[in-house]
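Chemist: Curious how this folds, go ahead:
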Amino acid sequence: MARFTDEDMDAMSTEELEGAAVEGAAELEADESAVLEATAPEGDFSMRALNAVVDALNEINGLMGAPEYPTFEEDIELFPTEFMDNLNMVNQALTDAGMDEMSIDLMTMGDDKDLTLLAGELASLASDKDFVRFMRQQEREAPAPAPEEEVVEVDETIETPGMTEDIDALMMQRM
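Modeler: Residues are numbered from 1 along each chain as shown. Here you go, the predicted structure:
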């Protein structure tokens, strides 16, 4: 990642600064994805067991106001990055709720038996009254989305009686 001194930054245009910021963000995102891929569970995971996890995960996503995770269409050997992100989001919610003891240990996933246990843990969490209460409280405390501003066009032309004739007369005098 490029590092800039204060002098470098002072000499850069706004477009160059924006480009450097976008480039830096892309590098950070790539690094984060690489870490997730390196720590993603590997094993023999069947579509059926994965989708049982997805069903339970989507119940929690509903509580968190997150979009549903799509179902798997084939067996896999490595958890996708987006799946890891979603499961890590659940772990973060557990931490925020002070329920760290219920966190998901993704490093222990290796086969369908582990996925079955995970699906059960997630289903239990989705119906845990303390977790549900915490998520509903978060939803109530979340800032409401800003209302979309209504664009109103204003006609700034002000016409007074005789105005057109006065302008015409002025133009004629100038000629």
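Chemist: Can you name the element that comes right after the helix or strand harbouring G19?
Modeler: Assigned by DSSP states H and E, G19 belongs to helix 14-39. Counting by DSSP H and E, the element after helix 14-39 in chain order, helix or strand, is strand 42-45.
Chemist: which residues sit against that next one?
Modeler: With contact meaning Cβ atoms under 8 Å, 6 or more residues apart in numbering, strand 42-45 is reached by D75, I76, E77, L78, F79, M109, G110, D111, D112, D114, L115. Using the backbone N, CA and C atoms, a C-beta is placed for each residue, glycine as well.
Chemist: State the mean pLDDT of that strand.
Modeler: Across strand 42-45, pLDDT averages out at 93.
Chemist: Give me the contact list for the helix or strand following that strand.
Modeler: Scanning forward in sequence from strand 42-45 by DSSP H and E, the next helix or strand is helix 47-64. Applying Cβ under 8 Å, 6+ apart, the external contacts of helix 47-64 come out as 67-76, 86-87, 89-90, 93, 112, 115-116, 118-120, 122-123, 125-126, 131-132, 135-136, 138.
Chemist: Please pick the buried ones from those.
Modeler: With neighbours counted by 16 or more other Cβ atoms under 10 Å, the contacts of helix 47-64 contain buried members at 69, 72, 76, 86-87, 90, 93, 112, 115, 118-119, 122-123, 125-126, 131, 135.
Chemist: Strands - which of those residues land there?
Modeler: I76 (DSSP state E).
Chemist: Touching, A66 and N86? I think so.
Modeler: Yes. In this structure, A66 is within contact of N86 by Cβ atoms under 8 Å, at 7.3 Å.
Chemist: Now do the helix or strand containing Q173, average pLDDT.
Modeler: Taking DSSP H and E as the criterion, Q173 maps to helix 163-174. For helix 163-174, the mean per-residue pLDDT is 69.
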